[in-house]
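A.B. asks: A predicted structure for the sequence below; I have some questions about it.
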Amino acid sequence: MSETHHDPFQANKALGQHFLTSDKAIRTIAEAIPLGENAIEIGPGPGAITKSVLARVGHLTVIEKDDRFANYWQEQTSDFPNLAVAHGDVLEVLEEVVTSVKPTWIVGNLPYNISGPLTAQLASHALSGGMVLMYQREVGQRIIADPGSKIYGGLSVLVRHYYTPKKLITLPPGAFNPPPKVHSMVIQLTPHGNTPACPFAQLQKTVRQGFAHRRKTIYNQYRGQLTQEDFLSIAINPQKRPEQLAYDDWVRITKLLHKT
């Protein structure tokens with residue numbers, strides 16, 4: 001009786017895995033990172049992006065939750081002296097890995113099911129190089145959205161604390177195996193170099209509250225904490241809705257809320 005061949009590297013649905021197979025996309029992502037950099041890759045999986053990135057960077061640390069791939073990359077470290085593996089859930093270990101590795105770049109085909117909270121965490125790290133990240137197209141569009149757009153939200157504001165976001169490419173489902181139900185988008189975050197006027201954690205708290213009820217006016221989001229006059233004093237119309245406020249407006253609200 002012949003046993004059916006089981007691919008040990010099959011995508012794990014529970015982990016939101018979709019593996020990139022498009023050479024053009026892999027090239028675009030890898031070539032966005034300058035030669036010789038110190039990088040982190042999130043969720044390398046079977047390594048579509050990883051091998052190309054390894055060929056370019058001075059050092060690469062991969063963060064992998066899936067035991068199969070973490071073990072696989074651990075075995076590869078003997079062939080690739082510039083490779084290190086952090087085995088764990090990126091939401092739990094990112095902080096620690098960034099602190100110890102001090103990367104200049106972060107790259108990754110982000111797991112769809114955690115891309116929101118993960119992006120908020122990534123945006124809190126000021127890298128000197130930047131980030132090249134792949135998202136579901138809808139999430140990518142939210143991140144690069146400008147104020148006034150219906151899809152502009154908390155992530156659009158948070159990524160602008162340290163970075164300027166721009167779209168690199170959009171990918172059809174067929175660029176992946178298994179194909180997801182949606183298109184994907186690769187975004188590059190480039191440091192804008194401005195010194196932030198408030199701490200990221202304070203901004204994040206302010207933005208989370210500010211976008212809690214999108215239909216409410218900005219005054220109603222902070223009723224009891226800030227008066228109409230408070231908003232007028234920082235040149236913000238209290239009747240505006242959260243998606244109408246630019247990054248600088250959110251900074252001014254943050255500073256007002258956290259006045260000591």
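C.D. replies: Great, that's in hand.
A.B. asks: gap between stretch 109-123 and the chain center?
C.D. replies: Using Cα atoms, centre = their mean, to the nearest Å, the mean C-alpha position of stretch 109-123 is found 5 Å from that of the whole chain.
A.B. asks: could you dump it to PDB, C-alpha only?
C.D. replies: Written as PDB, here are the backbone C-alpha positions of stretch 109-123 (Å, rounded to 0.1, in the frame of the first residue of the first chain):
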ATOM      1  CA  ASN A 109       5.000  38.600   4.400                       C
ATOM      2  CA  LEU A 110       2.900  39.300   7.500                       C
ATOM      3  CA  PRO A 111       0.400  36.800   8.700                       C
ATOM      4  CA  TYR A 112      -3.000  38.200   7.700                       C
ATOM      5  CA  ASN A 113      -4.700  37.400  11.000                       C
ATOM      6  CA  ILE A 114      -2.400  39.500  13.100                       C
ATOM      7  CA  SER A 115      -1.400  42.300  10.700                       C
ATOM      8  CA  GLY A 116      -3.200  45.000  12.600                       C
ATOM      9  CA  PRO A 117      -1.700  44.600  16.000                       C
ATOM     10  CA  LEU A 118       1.600  43.600  14.500                       C
ATOM     11  CA  THR A 119       1.800  46.800  12.400                       C
ATOM     12  CA  ALA A 120       1.100  49.000  15.500                       C
ATOM     13  CA  GLN A 121       4.000  47.200  17.200                       C
ATOM     14  CA  LEU A 122       6.300  47.500  14.200                       C
ATOM     15  CA  ALA A 123       5.500  51.200  13.800                       C
END
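A.B. asks: Could I get the buried residue list for that stretch?
C.D. replies: Neighbour-count burial for stretch 109-123, with 16 or more other Cβ atoms under 10 Å as criterion, is recorded at 109-112, 114-116, 118-123. Where you see a C-beta, it was placed from the backbone N, CA and C, and this is true even at glycine.
A.B. asks: next one: stretch 133-148
C.D. replies: If you call a residue buried by 16+ other Cβ under 10 Å, then stretch 133-148 has these buried ones: 133-137, 139-145, 147.
A.B. asks: I'd like the list of those that fall within strands, please.
C.D. replies: Secondary structure assignment (DSSP state E) places 133-136 from those within strands.
A.B. asks: Return the closest of these with respect to residue 24.
C.D. replies: Lowest distance from residue 24 to those (Cβ to Cβ) belongs to residue 134, with 13.3 Å.
A.B. asks: picking that back up, farthest pair in the buried residues of stretch 133-148?
C.D. replies: Applying Cβ to Cβ across the buried residues of stretch 133-148, the maximum distance is between 134 and 147, 24.6 Å.
A.B. asks: on that earlier part again, CSV for the buried residues of stretch 133-148, including distance to residue 227?
C.D. replies: Shown next, in CSV, are the buried residues of stretch 133-148 (distance: Cβ to Cβ, whole Å):
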residue, distance to residue 227
133, 39
134, 43
135, 38
136, 40
137, 40
139, 35
140, 37
141, 35
142, 31
143, 32
144, 34
145, 29
147, 23
